[in-house]
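> My questions are about this predicted structure, shown below with the sequence.
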There are 2 protein chains.
Amino acid sequence: MSRPLPPPEDVPDVPVFARHDHARCAEGALAAAEAMAAAAGLRLTPVRRRTLEILLESHRAMGAYEVLERLAAEGFGRQPPVAYRALDFLVEQGFAHRIRRLNAFAACTRPGTDHQPVFLICRGCNAVAEAPGAEARAAVEAAATAVGFRVERASLEAAGLCPACAGAAAASSDAVR
Amino acid sequence: MSRPLPPPEDVPDVPVFARHDHARCAEGALAAAEAMAAAAGLRLTPVRRRTLEILLESHRAMGAYEVLERLAAEGFGRQPPVAYRALDFLVEQGFAHRIRRLNAFAACTRPGTDHQPVFLICRGCNAVAEAPGAEARAAVEAAATAVGFRVERASLEAAGLCPACAGAAAASSDAVR
DNA sequence: CATAGAGTGTTACTAAATAACATGTCAAGG
DNA sequence: CCTTGACATGTTATTTAGTAACACTCTATG
């Protein structure tokens, strides 16, 4: 059974690129995922839960094999499907995202809130943030509709520099001058 | 040497999802690539040229290994770097695009024209079309700027159904009724 | 308490990508 | 003319991603 339930509205909009209380941020996301899974009658089993926790440790995207290594070290299965199944579950439920540019996965920073983010991938520190994507998605939709294409899914990913890394880059190029 | 040159303006805007004279479409793209490479002092060598021709045969995205198989059969090298190097060259020069969602490559339908397309990937026929992406990119840029992120590159990819496949799907679901 | 379905684990394999190194080609400068 | 260096092509070998297929276990339900 999987009865639809309004998502919790108390998930704070965490500014990933800003300093923040990460422990609290991760706990919140985990709690939200737990609540949603329970409400939907889905099982956030040990592997799945642990996988989410691992992703939540940082705001980086992690490869499936990197996750697998961690899981294996903690006594879970050591074969690829173990990681892929857990990750696929998390992605399906919206607790994590697949970052196609990196062939990797990142925890969702706002689980439960209905969002279609643009992913911002910093090439300096590898952080992945989610920016509101409604406008961008509307524009993609419009461009597609204009040629008769029916969009089912869209991935909007931007690579570049986060504020901190851009600042650092500017500072070091100053130093050279 | 690599002097910048204004791109040729005579590349027709081919509607990939519409019926079109594909031989002419492919020839045009190849000619444009040749002209651009010559103008920029770059070498469109046999492997590179052949790789582009292979991609141009269809409007599908092809995996590097699929391309490699073809190249090997024609007497070129049979190891992955052969294909990857040619493909990377084509992508760098804007003669082809990397489709991240598919881990694959597609020939550019409008080489030389300065474009930042949205890719439309049909799950029915695997065709990949390019739709104008200026608005969508502006929206992504705006969303990024709002959180202080500096965008360097963005991939905008939509998966769904092209007009023909959407029509076919509708027809078959009619048939069931 | 039987049993179907979901979940977890395995083996085995295919596909994608890159590192590191050897060889060939060709144009520019001595 | 011949050397030299840059670029291109080829190789071997390895890493990283992803999936198919099958066996076992647990658990909710009739």
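Perfect, I can see it now. Numbering: from 1, shown residues only, chains lettered A, B, ... in the order given.

> Could you use CA atoms for every contact and neighbour count after this?
OK.

> Buried residues in stretch A:50-67, which are they?
Neighbour-count burial for stretch A:50-67, counted by 16 or more other C-alpha atoms under 10 Å in any protein chain shown, picks out A:50-56, A:58-64, A:67.

> all helices for chain A, in order.
Along chain A, the stretches classed as helices by DSSP state H are A:22-40, A:46-56, A:64-73, A:80-92, A:134-146, A:163-176.

> A:Arg123 and A:Ala104, how far apart?
From A:Arg123 across to A:Ala104, the span is 14 Å (C-alpha to C-alpha, to the nearest Å).

> between the two, who's got more neighbours?
Legend: neighbour count by other C-alpha atoms under 10 Å in any protein chain shown for A:Arg123 and A:Ala104, higher for A:Ala104 (18 against 15).

> ok, and which of the buried residues of stretch A:50-67 reach DNA strand D?
When contact is defined as C-alpha under 7 Å from any atom of the strand, these meet DNA strand D at A:63-64.

> quick one, the longest strand anywhere in chain A and helix B:163-176 angle?
Using DSSP state E, we find that the single longest strand of chain A is strand A:150-161. Going by axes from the mean of the first three to the mean of the last three C-alpha atoms, to 10 degrees, strand A:150-161 is angled at 140 degrees with respect to helix B:163-176.

> Low-confidence ranges, chain A, go.
Chain A contains residues with pLDDT under 70 at A:1-15, A:172-177.

> Return the residues in contact with A:His97.
A:90-91, A:105-108 (C-alpha atoms under 8 Å, 6 or more residues apart in numbering or on different chains).

> Enumerate the beta-bridge partners assigned to it.
A:Ala106 (DSSP bridges).

> need the residues of chain A near DNA strand C, please.
Within chain A, the residues that sit near DNA strand C (C-alpha under 7 Å from any atom of the strand) are A:42-43, A:45-48, A:75-82, A:85-86.

> roughly how far apart are A:Val50 and B:Pro132?
Val isn't right for residue A:50; it's Arg. 42 Å.

> And for A:Gly133?
Taking C-alpha to C-alpha as the criterion, A:Gly133 is separated from B:Pro132 by 18 Å.

> So for those two, which sits in the more crowded spot?
Each of A:Gly133 and B:Pro132 has its neighbours counted (other C-alpha under 10 Å); A:Gly133 has more, 21 against 18.

> Could you find the closest non-adjacent residue to that one?
A:Pro117 (4.4 Å; C-alpha to C-alpha, 6 or more residues apart in numbering or on different chains).

> quick one, what contacts that neighbour?
When contacts are taken as C-alpha under 8 Å, 6+ apart, A:Pro117 is in contact with A:130-134, A:156.

> Which members of those are the farthest-apart pair?
Across these, the longest distance by C-alpha to C-alpha is 11.7 Å; it joins A:Glu130 and A:Ala134.

> Pick out whichever of the two has more residues nearby.
A side-by-side neighbour count of A:Glu130 and A:Ala134, using other C-alpha under 10 Å, places A:Glu130 first with 25 against 16.

> what bridges to that one?
A:Glu130 has the following beta-bridge partners by DSSP bridges: A:Phe119.

> ok, it - contacts?
Residues counted as contacts of A:Glu130 (C-alpha under 8 Å, 6+ apart) are A:109, A:117-120.

> cool, and A:Arg60?
By C-alpha under 8 Å, 6+ apart, the residues touching A:Arg60 are A:106, A:126-128.
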